[in-house]
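# Compute the structure for the input listed below.
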Amino acid sequence: MSSSSNEFQGESLNYAGRQTDQRAESSATSSENAAVALHSVAEDGTILWLTKRSLSFSAIPATKYIGHNIVEFHVDQSVILDILGGSREMKNCMRMSRGSDARTDRFRDVSISSSVYRRDGRFVHTRCVTQDITSQKGISELQERLAAIVEFSEDAILSKDLRGIIRSWKPGR
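Coordinates of the predicted model:
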């Protein structure tokens, strides 16, 4: 196999153009059926491997990801640069970001958790998990709006549970 080719292995994809750590390859292989998007990135930002679930965030084929710099694929450049900077400093981090979904032409809110795998105190690669939190963020925003309506309303407002029991009361002004 050519050292610059990309290789599809089951549900995991890895960059064959770079000497990869056996543990990284093992992680990729054992994570192939993961319910969340997992990927590994080299210190320079090159995507080493990712799971098929990672591809669910866009319509871009795996061959366009593997071996490319992760910065190319993030809508919010400052977030990914912050994560890469933290990784170089050997810091684990968690960030919220906004990404685009090329299939639906909409934006998604994601949570990115990144940790550094080290060997003998040296950076080997990151281990990253990306989760789509668009629905949770939407629910949270709706709750905040409702709370603001209740807070600033001059009318009396009460809430009941499904059994008809009053759970909260705000007197009118």
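# what's near enough to touch the closest residue to Leu81 other than its chain neighbours?
Leaving aside its chain neighbours, Leu81 sits nearest to Val71 (6.8 Å; criterion: CB to CB, 6 or more residues apart in numbering). In this view, the C-beta of every residue, glycine as well, is placed from N, C-alpha and C. Neighbouring residues of Val71 by CB atoms under 8 Å, 6 or more residues apart in numbering: Gly45, Gln77, Ile80, Leu81, Leu84.
# quick one: which of those sit in helices?
Among the contacts of Val71, DSSP state H puts Gln77, Ile80, Leu81, Leu84 in helices.
# From the contact counts, what lies against the biggest strand by length in the chain?
Ranked by residue count, the top strand of the chain under DSSP state E comes out as strand 106-119. Counting contacts by 3 or more CB pairs under 8 Å, 6 or more residues apart in numbering; DSSP states H and E, strand 106-119 packs against helix 77-88, strand 93-101, strand 122-132, helix 134-152.
# Comparing the ones you listed by mean pLDDT, which bottoms out?
Mean pLDDT per stretch puts strand 93-101 lowest among the helices and strands packed on strand 106-119, at a mean of 64.
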